[in-house]
Each structure stands twice: as C-alpha cells, then as structure tokens.
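# Sequence and predicted structure, then a few things I'm wondering about:
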2 protein chains.
Amino acid sequence: MAAGMGGSKKLVEIFYDVVSPYSWLGFEALCRYRHNWNIDLRFRPAFLGGIMAATGNQPPAMIPKRGEYMMKDIKRMAKYYQVPMQIPKDFVESVIRKGSLSAMRFITAVDMAQPQFLEPVSRELWMRIWSRDEDITQSESMLAAAEKAGIPSELAQKLLAMISSSEVKNRLKETTEEALKHGAFGMPAIVAHVNGKAHLFFGSDRLELLGNFIGEKWQGPVPTTSKPRL
Amino acid sequence: MAAGMGGSKKLVEIFYDVVSPYSWLGFEALCRYRHNWNIDLRFRPAFLGGIMAATGNQPPAMIPKRGEYMMKDIKRMAKYYQVPMQIPKDFVESVIRKGSLSAMRFITAVDMAQPQFLEPVSRELWMRIWSRDEDITQSESMLAAAEKAGIPSELAQKLLAMISSSEVKNRLKETTEEALKHGAFGMPAIVAHVNGKAHLFFGSDRLELLGNFIGEKWQGPVPTTSKPRL
C-alpha cells in the first residue's frame, strides 16, 4: 500500500441516540465497515427528542399503519443485520414516554471523560432497551450498562455524577445542534465529509449509497471480507 | 436446471403512483431484477393520494428539513440507480397540487385493456413529471406519453375516453384498497408472496432486504449478472 494513504481517510460521523432502533443498526454496520472502508468513524451521541422538537418531526409510529409496519420492518432488519434486537413489550412507555435524556447525558459524560468506553457503553444501553427490554433511565440501569462495558465501578459513579453538570448538558445540546446544522430531522444522521463538504445520509438504509458516494463497496450489513487499515 | 422450477417463482407486486419519485426507483430496479431473481413481477398502479388520506400520512416534505434532505437524497439515489430523474422546478405545484388522479386512471385503463403497454406507459409518465418537468394531468400529456410508449393514436384515444368510466375509477380504487389491506401507508409498496403469506416492504430502500427474504442476492440497483428465466 502506498505510504500516506491514511491521509485519504474520510471522516464519517454517526449522530445517534440509544432510544432509536435504526440508529443501532446503523451503528453496528458502520462499526463493521470501519475495518473495510477507508474511513475514520466518529461516534456523536446526541438527543433525538431535541431534534424532533426543533424540526417539528414526529415519531413515525404516530401514523398507526406506519407503526405497525415499523415493528415488522425492525424485526426483519435486525435479523438481516445480525443485531439481537427485540421490540420492548410496552413500546410507548419504554421508548416514547421514558425517553433517553439521562442515558444520552451519561453517554456524553463517557465521551468527554473516558472516550475509550463510548462504543461499548452505547452498545450496552441499546442492549438494555432494545434487546432485553430493560430500563435505561435509572442510575442503577446506567451503572449496570457501564459495568458490562468494562468501566470500573468507582469511575462509573463519577461519570454518573457528571450528568447533572452544565458541561455535560451543554455538550449534549451542542452535539444535537451540530446534527441539526447538518440538516438532521431524525436519527441516525450519518455525515460524510468529502472534499471539505459535509453530506447528510439519513437512516440506516443509505449505507450502500454512502459507500458508493465515498468510493467504497457495500457488501451487505455483515461484510465478509476485511481490509484492516492499521 | 430442474424441471418445474418455474413453479417456485415468487410473486412480487409493486403498488406505485407516477407522482412518487421513490416509486420510480423501485420500479426500475425491480424491472432489472425480473431477469436475475426467480420472481413474477406484477405492476399494480394505485393512487397515492388515496393511501395518504386513508392512513393520515403526509408527504415527507411537509417537515421542511425532511423536504430539503429529500431533494438531495432523490438526486443522489437517482444517479446511483441510473434513472434520469430531475426534480420539477415548482415541486408543490407539479407534484402536490396537480396530483396524479387522471394519470393513474389512464394507466389503469391501459392495465385493463392493453396490459402489454402498462410498463412503458408508466415509465413515460414518470419521464414527463420526474425527468422533463412536463405536465401529466392534461389529455394531450397522457396521449403524448402513450405515443412514446408505442400505443397507436386511435387506441390511445379510446383508452383516454375510458378514464371517466366507473369501471376504471373502481379498478383504481380497488387496487388502492388492496395496497391499504397489505398495510401500505405510502409508496412504493412492494408485496412479496411467500408460503401463502403477503409481506409488505415499504419504499425503494428495502430491495436488498427483500432479496434476502426471498433467497435472492442483491447486487446493487444495476445488477451486472443476468440469469434469464425464459
């Protein structure tokens, strides 16, 4: 491989919220393609509730027929993407009413203070809400996710204490505003930086198009070949 | 190939309206895959306005940020799908206000009386509204599309006269109701029949998943290999 090829790596950001099942699909697929595509993948935890409010968007399930379809679509997509997703029994209570503000602040604290745990903590919170139908709003829920992600318990307590700080609250707001600035109206919002311009790809179903856009090949949600970049 | 293999062909229906750009992408991709996948492809012209009204759904562009994104998405998708799509200059006037009721009745008349022209007439009407920014609501517009599709002019006049008949109006209503019965809330609504059950795939971005579902391989919107089934 030519020297300096790393310099041509394209920055791909994924703005996500663990309340969003399609964000999880996009997150896992991109985590796999990190090793196949010549990209720098950057995780951008943001707050979906803020994006919906700012754009006047509504959860797709507000149209009953769309909601019915989404349940089937999520099941089929999760199976195809090989992500162990299960729809929470009480969708409205678990997803819409409880929301994800504390969880996303916790993830933001991890991003600020211990970024090496950002990926596993995000995944463990998705595992709670979107796989095992467990709470993500209580302190013990976030600590349990942190533990599974490998964060020492004392450190997890400190990160949890950070979620009421203005630094963490502001950072989550800023990241959400950045997503909005890129044109996001829902999540995942995937932003590819090419030739100094930012290009938004909305949803988990534009990864094939994204690949084409950055000159890489989509091989389905579970790529079989791997070209490690290191 | 084993004898009688044709018996395992799976019926795939595409419910579409020429007012819908994503329907055009789905339509062209499935027209290509007809020759690669072991499917019977059936075109089901229906009325998007009726589906939106019945389900309480709204055009995605009603959320301004979503509308802005859609314009970019359509351009990128059209290029990737190799469909010569151009967004009409006055989107609201051409697409939302004028609508497609007469055009879909005309296509329905073609489907009932001269089904061999269904595919080219649909395509020519898409070419008018979604490629050359031309009207599709006037009689001369429909006749021009029919001519390009190879329909003799006398026959086209007869088909045009049929659009005010109750037979044609009812058939379009029935097809629209059938799409709704399958769970459609927008278009394209692609329905795969597998083991006696109908499975809805909404949009032009579930074709890879559809392929996986029916045991066929997606090779992108322009498949390079072809296995003719005849």
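Alright, I've got the coordinates.

# My read is that A:Ile96 contacts A:Gln58, right?
No. Assessed by Cβ atoms under 8 Å, A:Ile96 is found out of contact with A:Gln58, at 10.5 Å. For every residue, glycine as well, the C-beta is placed using N, CA and C.

# Now do A:Tyr137 against chain B, distance only.
Small correction: residue A:137 is Thr, not Tyr. For A:Thr137, the distance to chain B equals 27 Å [Cβ to the nearest Cβ, to the nearest Å].

# What is the subsequent helix or strand relative to the helix or strand encompassing A:Glu154?
Assessed by DSSP states H and E, A:Glu154 sits inside helix A:153-161. Later in the chain than helix A:153-161, the nearest helix or strand by DSSP H and E is helix A:166-181.

# Can you point out the buried residues in that next one?
By neighbour count on 16 or more other Cβ atoms under 10 Å in any protein chain shown, the buried set for helix A:166-181 is A:Val168, A:Arg171, A:Leu172, A:Thr175, A:Thr176, A:Glu177, A:Glu178, A:Ala179, A:Leu180.

# A:Ile107 is in contact with A:Val121, correct?
Yes. Under the criterion of Cβ under 8 Å, A:Val121 makes contact with A:Ile107 at 6.0 Å.

# in a strand, that's where A:Phe15 is, yeah?
Yes. Assessed by DSSP: H, G, I helix; E, B strand; the rest coil, A:Phe15 belongs to a strand.

# can you pull up the bridge partners for it?
Applying DSSP bridges to A:Phe15 gives these bridge partners: A:Arg44, A:Ala189.

# quick one: it and A:Ala189 touch, right?
Yes. In this structure A:Phe15 lies within contact range of A:Ala189 using Cβ under 8 Å: 4.2 Å.

# joint contacts of the two?
Shared contacts of A:Phe15 and A:Ala189 (Cβ atoms under 8 Å, 6 or more residues apart in numbering or on different chains): A:Ala46, A:Ala179, A:His182.

# Can you tell me which residues in chain A are near chain B?
Selection of chain A residues close to chain B by Cβ under 8 Å from any Cβ of the partner chain yields A:55-57, A:63-66, A:68-69, A:72-73, A:76-77, A:80, A:180, A:183-186, A:199-200, A:202-203, A:205-206, A:208-209, A:212-213, A:218, A:220.

# Just the buried ones out of the residues you listed, please.
The buried subset of those (16+ other Cβ under 10 Å) comprises A:55, A:57, A:63, A:65-66, A:69, A:73, A:76-77, A:80, A:180, A:183-186, A:199-200, A:202-203, A:205-206, A:208-209, A:212-213, A:218, A:220.

# Looking at those, which are in helices?
Among these, the ones falling in helices (DSSP state H) are A:55, A:65-66, A:69, A:73, A:76-77, A:80, A:180, A:208-209, A:212-213.

# need the contact list for the closest residue to A:Val83 other than its chain neighbours.
Closest residue in space to A:Val83, ignoring its immediate chain neighbours: A:Glu28 at 5.2 Å, by Cβ to Cβ, 6 or more residues apart in numbering or on different chains. A:Glu28 is in contact with A:Tyr81, A:Val83, A:Arg123, A:Pro221, counting by Cβ under 8 Å, 6+ apart.
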